[in-house]
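Trainee: Need a 3D model of the following:
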Amino acid sequence: MKKTLFISSVVASALFGFGFSGSDLDAKKNIIYQNTIKAFAPHEVIVQLKEGTEASDVLKRVQSLFGVVTHHRYKLVNAIHLIVPGKSFDAIKERLLQDTKIKSSIQSVEPNYRSKVFQSNDTYYDKLWAIENNGQEVNDKSGTKDADMDVAEAWNIEKGSHSVVVAVLDTGVDYTHDDLSDNMWQGASGHGYDFAGDNNGNNDDDPMPDTPYDDNGHYHGTHVAGTIGATGDNRNGISGVVQDVQIMAVKVFRPNGYAYNSDILEGLDYISDQIDNGENIVAVNASYGGSGGSQGDSMDNAIKKLGKKGVVFCAAAGNESKNIDYDPVYPASYDAQNIITVAASDQDDKLASFSNYGKKTVEVAAPGTNILSTYPDNRYAYLQGTSMATPNVTGTVALLASANPSSSVSERIEAVENGVDSKSSLKNKVSTNGRVNTYKAVKALDNGNGGGDDETRNTPPQANDDAATTEYETEVTIDVLKNDSDADGDTLTIKSLTQPAHGNVTVKNEKTEYTPDNGYSGEDSFTYTIDDGNGGESTAKVTVTVKEKKEENNGGWNWGSLFW
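Mentor: Numbers count the residues shown, from 1 in each chain. Model (predicted):
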């Protein structure tokens, strides 16, 4: 008999996971535990080599420097993972970069950073508010009607395709679950691979989650997989955003609940190899993260290379309620063009209280609270976090790939971003100011325009030239916004000014104040740029005429022409 377990919002550990400590939850357990320490594996480094460098030559020199070391060579990026017992990271790095024979071959020496998971006719369809929100009560919380992704409407256009593959880079997936088994990818020897080792310490082609499932977030990948692609219209459980798809389970999280960059890079190598073998992998779901990383490091470059192979990398923004424009987390904060970073929205279309955000770094929001999905051992659970929001976007990308197989990575990302429902509550929190709308994204790409409809696009404002006149050496206030306009009704502000040649201009209360130079008369000008708060700008010119100095007034008497 099918077992059903409903687990509410629960304990989150480290950065991204909303996990749980059991079914006997009480209010004291609904706490997000934060850990921003840049944790990494001791005695280990990842050495990124410059293009054209032979890793075998470097390894020979490494052996002579340190003696016997454990190593692994990556294929997607020219990098090697070294384990040097008894040596600290700093000691290994210093020795490598000081060695005259190999330092010129090294691009970077990086810590092996640690990450943590961010913590239809289907039976429970009415609980899937992200797919269709009628304001119904879900997990004791009512929402706002239509605060959803319009997925049900999208299914009228496209429900998915079994030729499309999505990789779930996570804790493994329970591929025996009744709502997942039909949509699991099947390789030559299994449903994916385990790069992190299981309870018995083995790396193998069995990506089943570690047990007990309730410990260290081992349920996480199964929950993520269900949101992406649980089988739809099977009179059972739930439906994923894409009802027909293949889910490849790439297990990179160890039994202790952590993943190291060395494990994740192996997982990305595996995904790349499968693409080379002909698999149509269109997206990677990355519902995890850590504070260690930097632009251009080996992980960043590996993700970029997957982009060139047609992969959209969907990354969770994290659960620390912080602006990651200024306090980055990785992989969400990498600048790779194939990454789309996802914040979490709630049942009322507001930014979830726990969600990270960032106008420059985070592209979109997606439903991430009270998300019901599959859970190991044929169960279901409510979880929340940006981990739960991200697979909603991954599923949308899979639908886009099904609807238009010839579309590119950039076109799919553009369709997601341009197809959002703009929300004032998300303004300046994500770059699009909106929550994903799957229907609009699929409709747009299905029509071949790669973008949203006019309702979701931001129309730039229109700044118009102005003219003013002032008396000699007299300040004048000019309401430059008075004749400017914005088709979307956005509030306009003055973003910047250029200074005139013969005076000075400032902004006060969104009006310009022009002061001519002492002794100047004639025509002067400056430009100003307006901003609509949604990325739209416009520039116009202001021309000011400064009158000449008046002659001295003698009271009206003209003694030379007095007539009697």
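
Trainee: Tell me which stretches of the stretch 51-200 of the chain form helices.
Mentor: 55-66, 89-98, 151-154 (DSSP state H, counting those that start in this stretch).

Trainee: Where does pLDDT dip in the stretch 101-250 of the chain?
Mentor: By pLDDT under 70, the weakly predicted segments of the stretch 101-250 of the chain are 119-125, 197-204, 212, 214-216.

Trainee: one more time with 90
Mentor: For the stretch 101-250 of the chain, the stretches flagged by pLDDT under 90 are 115-157, 187-190, 192-218, 232-237.

Trainee: what about the strands in it?
Mentor: 106-117, 137-138, 141-142, 160-170, 192-194, 244-251 (DSSP state E, counting those that start in this stretch).

Trainee: Leaving out chain neighbours, which residue sits closest to Ser115?
Mentor: Leaving aside its chain neighbours, Ser115 sits nearest to Gly290 (4.0 Å; criterion: C-beta to C-beta, 6 or more residues apart in numbering). Heads up, the C-betas are built off the backbone N, CA and C, glycines and all.

Trainee: Just give the number of residues close to the one you found.
Mentor: Look at Gly290: counted by other C-beta atoms under 10 Å, it has 27 neighbours.

Trainee: So what does the most centrally placed residue in the chain have for phi and psi?
Mentor: In the chain, the residue lying closest to the centroid (C-alpha atoms, centre = their mean) is Thr341, at 0.4 Å. Main-chain dihedrals, Thr341, degrees, to the nearest 10: phi -100, psi 140.

Trainee: need the contact list for it.
Mentor: Ala315, Ala316, Ala317, Ala332, Ser333, Gly358, Thr361, Val362, Glu363, Val364 (C-beta atoms under 8 Å, 6 or more residues apart in numbering).

Trainee: Make CSV out of the residues you listed and add distance to Glu266.
Mentor: Formatted as CSV, these follow (distance: C-beta to C-beta, whole Å):
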residue, distance to Glu266
Ala315, 18
Ala316, 21
Ala317, 25
Ala332, 21
Ser333, 22
Gly358, 29
Thr361, 26
Val362, 28
Glu363, 27
Val364, 29
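
Trainee: So which of those residues wins on neighbours?
Mentor: That'd be Ala316 among the contacts of Thr341, by other C-beta under 10 Å, with 36 neighbours.

Trainee: Got the domain ranges for the protein?
Mentor: Following the TED database, one finds the domains of the chain at 40-113, 125-447, 466-546.

Trainee: need these in JSON lines with distance to Pro460, can you?
Mentor: Shown next, in JSON lines, are the domains of the chain (distance: least, C-beta to C-beta, whole Å):
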{"stretch": "domain 40-113", "distance to Pro460": "39"}
{"stretch": "domain 125-447", "distance to Pro460": "14"}
{"stretch": "domain 466-546", "distance to Pro460": "4"}
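
Trainee: Pick the most deeply packed of those domains.
Mentor: Neighbour counts (mean count of other C-beta atoms under 10 Å) averaged over each of the domains of the chain peak at domain 125-447, with a mean of 23.

Trainee: and it, how far out from the chain's middle?
Mentor: 11 Å (C-alpha atoms, centre = their mean, to the nearest Å).

Trainee: re the thing from before, so which of the helices of the stretch 51-200 of the chain gets nearest Val250?
Mentor: Nearest to Val250 among those is helix 55-66 (23.1 Å), distances taken as C-beta to C-beta.

Trainee: average pLDDT across the closest one?
Mentor: Computed over helix 55-66, the mean pLDDT rounds to 93.

Trainee: who does that helix touch, helix- and strand-wise?
Mentor: strand 40-49, strand 70-73, strand 79-83, helix 89-98 (3 or more C-beta pairs under 8 Å, 6 or more residues apart in numbering; DSSP states H and E).

Trainee: cutoff 7 Å now
Mentor: strand 79-83 (3 or more C-beta pairs under 7 Å, 6 or more residues apart in numbering; DSSP states H and E).

Trainee: Strands along the stretch 301-450 of the chain, start to end?
Mentor: Along the stretch 301-450 of the chain, the segments classed as strands by DSSP E, counting those that start in this stretch run 312-316, 339-345, 364-367, 371-375, 379-383, 421-422, 434-435.

Trainee: Give the residue spans of the stretch 301-450 of the chain that score low on pLDDT.
Mentor: 442-450.

Trainee: hmm, 70 instead?
Mentor: In the stretch 301-450 of the chain (pLDDT under 70), the answer is 446-450.

Trainee: quick one: Asn392 and Thr227 touch, right?
Mentor: Yes. Judged on C-beta atoms under 7 Å, Asn392 makes contact with Thr227 at a distance of 6.1 Å.

Trainee: on that earlier part again, what about the helices of the stretch 51-200 of the chain, which gets the closest to Leu268?
Mentor: Proximity to Leu268, assessed across the helices of the stretch 51-200 of the chain by C-beta to C-beta, is greatest for helix 55-66 (16.8 Å).

Trainee: who's in contact with that closest one?
Mentor: Defining contact as C-beta atoms under 7 Å, 6 or more residues apart in numbering, one finds that helix 55-66 is touched by 49, 69, 71, 73, 78, 80, 82, 84, 87, 95, 99, 101-102, 105.

Trainee: Reformat the residues you listed as CSV; add distance to Thr374.
Mentor: Shown next, in CSV, are these (distance: C-beta to C-beta, whole Å):
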residue, distance to Thr374
Leu49, 41
Val69, 41
His71, 38
Arg73, 36
Asn78, 38
Ile80, 37
Leu82, 38
Val84, 41
Lys87, 43
Arg95, 48
Asp99, 50
Lys101, 53
Ile102, 48
Ser105, 46
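
Trainee: from those residues, which is closest to Val250?
Mentor: Nearest member of these to Val250, counting by C-beta to C-beta, is Arg73, at 18.8 Å.

Trainee: How about the contacts made by that closest one?
Mentor: Counted by C-beta under 7 Å, 6+ apart, Arg73 has contacts Ala55, Ile80.

Trainee: just Gly310 next, same as before
Mentor: By C-beta under 7 Å, 6+ apart, the neighbours of Gly310 are Val282, Val409.

Trainee: Provide a list of residues in contact with the nearest residue to Thr70 once chain neighbours are set aside.
Mentor: Among residues not flanking Thr70 along the chain, Ile83 sits closest, at 4.0 Å (C-beta to C-beta, 6+ apart). Neighbouring residues of Ile83 by C-beta under 7 Å, 6+ apart: His43, Glu44, Val69, Thr70.

Trainee: Give the bridge partners for Ile83, please.
Mentor: In this entry, Ile83 is beta-bridged to Glu44, Thr70, by DSSP bridges.

Trainee: What confidence value was assigned to it?
Mentor: Listed pLDDT for Ile83 reads 94.

Trainee: The one 10 residues further on too?
Mentor: At Lys93, the model reports a pLDDT of 96.

Trainee: Please tell me how far it sits from His43.
Mentor: To His43, Lys93 is 12 Å away according to C-beta to C-beta, to the nearest Å.

Trainee: give me the beta-bridge partners of the residue nearest to the centre of the chain?
Mentor: Under the criterion DSSP bridges, Thr341 forms beta bridges with Ala315.

Trainee: hang on, the residue nearest to Ser115 packs against Phe118?
Mentor: No. The criterion here is C-beta under 7 Å, and Gly290 misses it with Phe118 at 10.0 Å.
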